[in-house]
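[1] Fold the following.
(one chain, ligands or ions: 1)
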Amino acid sequence: MRILFVAAEAAPVAKIGGMGDVVGALPKILRKMGHDVRIFLPYYGFLADKMEIPSEPVWQGNAMFQDFHVYESVLPGTDVPLYLFGHPAFDPRRVYGGEDEAWRFTFFSNGAAEFCWNYWKPEIVHCHDWHTGMIPVWMHQSPDISTVFTIHNLAYQGPWRGYLEKVTWCPWYMQGHNVMAAAVQFADRVNTVSPTYAEQIKTAAYGEKIEGLLSFISGRLSGILNGIDTEVFDPKTDKYIPENFTPETLKKRNKNKVALQEEVGLEVNKNAFLIGMVTRLVEQKGIDIVLQILEKLLSYTDSQIVLLGTGDRNYESQMWQMASRFPGRVATYLLYNDALARRIYAGSDGFLMPSRFEPCGISQMMALRYGSIPIVRRTGGLVDTVKHHEPMNQTGTGYCFDRYEPLDLYTCLIRAWEGFRYKPQWQALQQRAMQQDFSWYQSAKQYIKLYRSILGLPEEEIIEEQTQQQEVTEVQEAVASPS
Ligand SMILES: Nc1ncnc2c1ncn2[C@@H]1O[C@H](COP(=O)(O)OP(=O)(O)O[C@H]2O[C@H](CO)[C@@H](O)[C@H](O)[C@H]2O)[C@@H](O)[C@H]1O
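    Now for the predicted structure:
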């Protein structure tokens, strides 16, 4: 199958959050499974510092009365062809923000549609979040190009219809009061990134005001759990952490804890319960309830906390204040740093993610892979990836709580803190956590099934899929034991 991923982010060159991880990893696996998958991304001002980009474009097009150029490169570290949409609107060194955000991503979507019609014609355009939401609308009248629309963040729904009508071509048949709603109506398939969240968004509590529409199209709506790039994020080989380790050599992990405490200025103490957070500092991530209980936690326990993240000024300054009030106990890093993120996953004892809502969550899967025990609210993808630890039966992989209440979070943290005192059990818990399989292969198989169902592929191809699955297992084995 020929598939074009269109998105605002792609790791490792343009990643702000989890969507970047998905767009950076899934095409790579789908290609290994025999499909021609390519990525279409804005040519941001900072990209030339991070990768080789030819100076000559491969194609020039026009959309919304503007000329644009498309440059062809390869996503670093992969064999995935990467098309970069070049226009001065994307020259600034930022991915999101700015007054022209609605305009520039509408223009980007329009450019991507032109690219599909005129330069490289995919069978499926796989669109991600509102930035690409107009593509399914336009493709609706191109029967030979189908669309999948993946929701990573329902909270941001893009510009309203009135604005779209002013700046771009809204076809007569278009429905939907904003870009996200239009994409949901016109995509051949809509999916979100975990089965639990796919159910939740059909309710008023999580549907961000389009729950009615999402329920209405529920026959076309599914949840496919994200994976993580287990080649890139592997504590056994990760070059960014001081000491590599495996579930069998967990003792070595201690060096990472001590090194992390030294690096971020926390008291060096192997016995203190070190909690990590790597997150965008936004309302979704539950920072407000963390701030409500943090002081209490610090005064009643020996816990330490290291936070890495950027986002809302309000949360940034409150976390910053906590760090200055509790030196040696709280460390706040208000920046984006992939290497430090890995050292936090590898050095912390617990990983805190008390999200208000969570479509899937990549961070908790990374934490599990690096042996940091997730402490999570039971919502969305966190339900599908973290099972509550039962000390009596020695089952589960993390600590979970249900209600979005500071007291419930506090109680859950105390349980984790107590659990940490029992070293052999804690080690067994870490081993179980590290052995979870979150590789992309399972999800990639489900995406292939989804693409095939749209194209109505005949049965013999399904038989071929089984052969491919065998190949996938071979690829998986090869990846698991690099020579
Ligand atoms: N300051 C920082 N420095 C370094 N790395 C940082 C960082 N802040 C965040 N990250 C990294 O960004 C990623 C965050 O991914 P998540 O999926 O946990 O959340 P996000 O809300 O961004 O994603 C949204 O999209 C994804 C993908 O579908 C869904 O899983 C999720 O639920 C949804 O909210 C992780 O790889 C994390 O390490």
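[2] Name the residues of the stretch 1-150 of the chain found near the ligand, please.
    Taking Cβ under 6 Å from any ligand atom as the contact definition, the stretch 1-150 of the chain meets the ligand at G17, G18, M19, D21, V22. Every residue, glycine included, has its C-beta placed from N, CA and C.
[3] Which of these fall within helices?
    Of these, the ones assigned to helices by DSSP state H are G18, M19, D21, V22.
[4] Can you pull the residues of the stretch 351-483 of the chain lying near the ligand?
    Applying the criterion Cβ under 6 Å from any ligand atom, the portion of the stretch 351-483 of the chain that neighbours the ligand consists of E358, P359, C360, G361, I362, S363, M366, G381.
[5] change it to 5 Å
    Within reach of the ligand by Cβ under 5 Å from any ligand atom, the stretch 351-483 of the chain has these residues: E358, P359, C360, G361, I362, S363.
[6] Closest to E243 out of the residues you listed?
    E243 lies nearest to S363 out of those, by Cβ to Cβ, at 21.3 Å.
[7] Tabulate the ones in helices among the residues of the stretch 1-150 of the chain next to the ligand (JSON lines), appending distance to G86, neighbour count and pLDDT.
    Putting those into JSON lines (distance: Cβ to Cβ, whole Å; neighbours: other Cβ atoms under 10 Å; pLDDT from 0 to 100) gives the following:
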{"residue": "G18", "distance to G86": "26", "neighbour count": "24", "pLDDT": "91"}
{"residue": "M19", "distance to G86": "21", "neighbour count": "24", "pLDDT": "96"}
{"residue": "D21", "distance to G86": "24", "neighbour count": "27", "pLDDT": "94"}
{"residue": "V22", "distance to G86": "24", "neighbour count": "28", "pLDDT": "96"}
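[8] Distance to T411 for those - can I get that in a markdown table?
    Formatted as a markdown table, these follow (distance: Cβ to Cβ, whole Å):
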| residue | distance to T411 |
| --- | --- |
| G18 | 28 |
| M19 | 32 |
| D21 | 31 |
| V22 | 33 |
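[9] ok, of those residues, which one's closest to P242?
    The closest of these to P242 turns out to be D21 (Cβ to Cβ; 23.4 Å).
[10] Relative to the ligand, how far out is W160?
    Remark: distance between W160 and the ligand (Cβ to the nearest ligand atom, to the nearest Å) = 23 Å.
[11] what about that residue, how many neighbours?
    For W160, the number of neighbouring residues by other Cβ atoms under 10 Å comes to 14.
[12] tell me which residues form a beta bridge with it?
    With beta bridges defined as DSSP bridges, W160 has these partners: N178.
[13] Check it and give its pLDDT.
    Note on W160: pLDDT of 95.
[14] For G223, which non-adjacent residue is spatially closest?
    A198 (2.9 Å; Cβ to Cβ, 6 or more residues apart in numbering).
[15] swap that for D229, please
    Closest residue in space to D229, ignoring its immediate chain neighbours: A25 at 4.2 Å, by Cβ to Cβ, 6+ apart.
[16] Make sure that neighbour is indeed in a helix.
    Yes. Following the definition DSSP: H, G, I helix; E, B strand; the rest coil, A25 is counted among the residues of a helix.
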